[in-house]
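[1] What follows is a predicted structure for the sequence shown.
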Amino acid sequence: MAQEKSMYTSPLVERNASPEMAELFGPQRKFSTWRRLWLELARAEKRLGLSIKQSQIDQMAQHLDDIDFKRAAKYEQELRHDVMAHIRTFGDAAPKAAPIIHLGATSCYVTDNTDLILMREGLRLLAGKVAALIDLLGRFAAEYRALPTLSFTHYQPAQLTTVGKRATLWAYEFALDLEEIEHRMATLLFRGVKGVTGNQRKLDTTVVNTLALVAQSAHKVCNDLRLLANLKEMEEPFEKHQVGSSAMPYKRNPMRCERVTGLARLVLSLAGSPPMTASEQWFERTLDDSSNRRVVLPEAFLAVDGILQILLNVFDGLVVYPQVIEAHVAAELPFMASENILMAAVKAGGNRQELHEKIRLHAQAAGAEVKRFGRSNDLIARLQTDISFAGLDFDAVLDPAAYVGRAPQQVDEFLKTIVAPIRRRYQKELGRKVELKV
């Protein structure tokens, strides 16, 4: 046990990514895929008339997964070449086939094609999780489609929207990301067997940039949730025995969303590496890409997978505090309603210019009460005592639902046109439950 804990291990695997994504980029999957590519190469060469015996192919097929990693490591230490090390190791396991393994191929035949296979499968795994996240956001949006809430520009109160409409904006970010993931899967080229030169480094750039789009969306959404948690309007799940702070027992820190934003920044930083690697390739190919790609590609996938795991957990248990939201709306609505109050008073027979000036003066006085003295917004009370606004139905004018526009209907339209098709395409991926490792 002491020896196991003496070496660095990746937090992406231990704390964040799912087992299926960690396994996808593990040594077993990678090198067993190499062996499958060598097997298919031998089969194709036999069909084309090369002197390859069926017994050689059969023996290769019998040893696709029983990889002796210690033997391969010993060979690589001697040869300083990982592909040759695994050719030797495969040959030891399938001695009849040893003379024809890797016949006519170059290293990129197994390395690049394997990377493409793994990236495509990784995109498929991520697509299902993004779809499941959109489904959760859609359910949340439907539940709160009509709950009025303050919208913000510059993090200052603007007009009213609804909690559900805000959730559709989050969901649309991920819907665009899913569209891009699907495009990458549909257009990702397989290198095939193309000789000893050339590579697919630009494809690395497009794939990692696609992952970075998910990271961008996640970062934006989690920043919003962190701000809403500060306002006490909304919170990520907080477990019974969870500790928010080692110093302040009362705190409920948004640690899940904070972890997401941290991982998102990692992905965004990783996205700068593939284009630099692609631009650095000399003529047909160099090898200064290998050490970089071994880190960047798996970690980008593992990090985004971890991000989605956390978000699925968050939106499956997101807590909303309607009364706090209503209190914040009530504090700001009098200012937002001033134009409607003005129009109603004019309709009742008042002079528009005179009424405008009265509302302006009352609003400034009410603002001073709030900002200078920390008191509640008393604009409505001031207007109610002003004879110029006598007889005005303030309850009707101050109904928050009158200020959200078509937000509830827009939620319905979004669910029908954007979410429903995604649900149909990814029906088997929906409803998944994620328990975080830590």
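    Looks like it arrived, so ask away.
[2] Mind giving me the packing neighbours of the longest helix along the chain?
    Scanning the chain for the helix with the most residues, using DSSP state H, yields helix 107-143. Judged by 3 or more CB pairs under 8 Å, 6 or more residues apart in numbering; DSSP states H and E, helix 107-143 is in contact with helix 19-24, helix 27-47, helix 82-93, helix 163-187, helix 201-230, helix 290-316, helix 407-414, helix 420-425. No exception for glycine: its C-beta is placed from N, CA and C like everyone else's.
[3] Pretty sure Glu40 is one of the things Tyr109 touches, is it not?
    No. Tyr109 is beyond contact range of Glu40, at 10.3 Å (criterion: CB atoms under 8 Å).
[4] The two: who's more crowded?
    Legend: neighbour count by other CB atoms under 10 Å for Tyr109 and Glu40, higher for Tyr109 (22 against 14).
[5] Now do the contacts for the more buried one.
    By CB atoms under 8 Å, 6 or more residues apart in numbering, the contact set of Tyr109 is 37, 41, 102, 191, 193.
[6] any idea how far it is from Leu118?
    From Tyr109 across to Leu118, the span is 15 Å (CB to CB, to the nearest Å).
[7] returning to that earlier point: please convert the helices and strands packed on helix 107-143 to JSON lines, extending it with distance to Met255 and mean pLDDT.
    Listed next are the helices and strands packed on helix 107-143 as JSON lines, based on distance: least, CB to CB, whole Å; pLDDT from 0 to 100:
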{"stretch": "helix 19-24", "distance to Met255": "21", "mean pLDDT": "97"}
{"stretch": "helix 27-47", "distance to Met255": "31", "mean pLDDT": "97"}
{"stretch": "helix 82-93", "distance to Met255": "39", "mean pLDDT": "98"}
{"stretch": "helix 163-187", "distance to Met255": "19", "mean pLDDT": "98"}
{"stretch": "helix 201-230", "distance to Met255": "10", "mean pLDDT": "97"}
{"stretch": "helix 290-316", "distance to Met255": "10", "mean pLDDT": "97"}
{"stretch": "helix 407-414", "distance to Met255": "29", "mean pLDDT": "98"}
{"stretch": "helix 420-425", "distance to Met255": "29", "mean pLDDT": "98"}
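[8] now those in JSON lines, with distance to Arg382?
    Supplementary listing: these in JSON lines, determined by distance: least, CB to CB, whole Å:
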{"stretch": "helix 19-24", "distance to Arg382": "59"}
{"stretch": "helix 27-47", "distance to Arg382": "70"}
{"stretch": "helix 82-93", "distance to Arg382": "78"}
{"stretch": "helix 163-187", "distance to Arg382": "30"}
{"stretch": "helix 201-230", "distance to Arg382": "30"}
{"stretch": "helix 290-316", "distance to Arg382": "42"}
{"stretch": "helix 407-414", "distance to Arg382": "29"}
{"stretch": "helix 420-425", "distance to Arg382": "48"}
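[9] Quick one: closest of the ones you listed to Ser376.
    Ser376 sits nearest to helix 201-230 of all these, at 20.3 Å, using CB to CB.
[10] and the next element down the chain from that closest one?
    Once the chain leaves helix 201-230, the next helix or strand it forms, by DSSP states H and E, is strand 234-235.
[11] Outside of that next one itself, list whatever touches it.
    So strand 234-235 is in contact with 163, 225, 228-229, 252, 254, 318-321, going by CB under 8 Å, 6+ apart.
[12] Out of the helices and strands packed on helix 107-143, the one nearest Asn351 is which?
    Closest to Asn351 of the helices and strands packed on helix 107-143 is helix 407-414 (CB to CB; 33.7 Å).
[13] Can you mark which positions in that closest one are buried?
    Using 16 or more other CB atoms under 10 Å as the test for burial, helix 407-414 gives 407-408, 410-411, 414.
[14] rewinding a little: select, out of the helices and strands packed on helix 107-143, the one closest to His328.
    helix 201-230 (10.4 Å).
[15] I'd like to know which elements that closest one is packed against.
    Against helix 201-230 (3+ CB pairs under 8 Å, 6+ apart) you get helix 107-143, helix 163-187, strand 234-235, helix 255-270, helix 273-279, helix 290-316.
[16] change it to 6 Å
    Counting contacts by 3 or more CB pairs under 6 Å, 6 or more residues apart in numbering; DSSP states H and E, helix 201-230 is packed against helix 163-187, helix 255-270, helix 273-279, helix 290-316.
[17] how about Ser151, phi and psi?
    phi -100, psi 160 (degrees, to the nearest 10).
[18] That one: neighbouring residues, count only.
    For Ser151, the count of nearby residues is 16 (other CB under 10 Å).
[19] OK, contacts around it?
    Residues near Ser151 by CB atoms under 6 Å, 6 or more residues apart in numbering: 158-159, 161.
[20] can you check Gly128 too?
    Contacts for Gly128 (CB under 6 Å, 6+ apart) come out as 426, 429.
[21] cool, Ala345 as well?
    If a contact means CB under 6 Å, 6+ apart, then Ala345 has 355, 389, 392 as its contacts.
[22] From Leu160, how far off is the second one?
    Yep, that's Phe389 we're talking about. Where Leu160 is concerned, Phe389 sits at a distance of 22 Å (CB to CB).
[23] likewise the first one?
    Distance of Leu355 to Leu160, computed by CB to CB: 23 Å.
[24] What of the last one?
    Using CB to CB, one gets 20 Å for the distance from Leu392 to Leu160.
[25] between those two, who's got more neighbours?
    Leu160 (22 against 18).
[26] follow-up on the earlier one: which of the contacts of Tyr109 ranks first by neighbour count?
    Neighbours here mean other CB under 10 Å. Within the contacts of Tyr109, the largest count is held by Leu41, at 22 neighbours.
[27] Might you report the residue contacts of it?
    Residues near Leu41 by CB under 6 Å, 6+ apart: Ala105.
[28] Am I right that Phe152 falls within a strand?
    Yes. With DSSP: H, G, I helix; E, B strand; the rest coil as the criterion, Phe152 is assigned to a strand.
[29] What pLDDT is listed against it?
    pLDDT, Phe152: 94.
[30] Quickly note the distance from it to Ala158.
    Phe152 is 6 Å from Ala158, by CB to CB.
[31] more crowded one of those two?
    Phe152 (16 against 13).
[32] if I pick the more buried one, what's in contact with it?
    Each residue near Phe152 by CB under 6 Å, 6+ apart is listed here: Ala158.
[33] does Pro157 sit in a helix, a strand or a coil?
    Using three-state DSSP, the structure places Pro157 in strand.
[34] Test of understanding: give the bridge partners of it.
    Phe152 (DSSP bridges).
[35] now do the one 4 residues further on
    With DSSP bridges as the criterion, the beta-bridge partners of Thr161 are Thr149.
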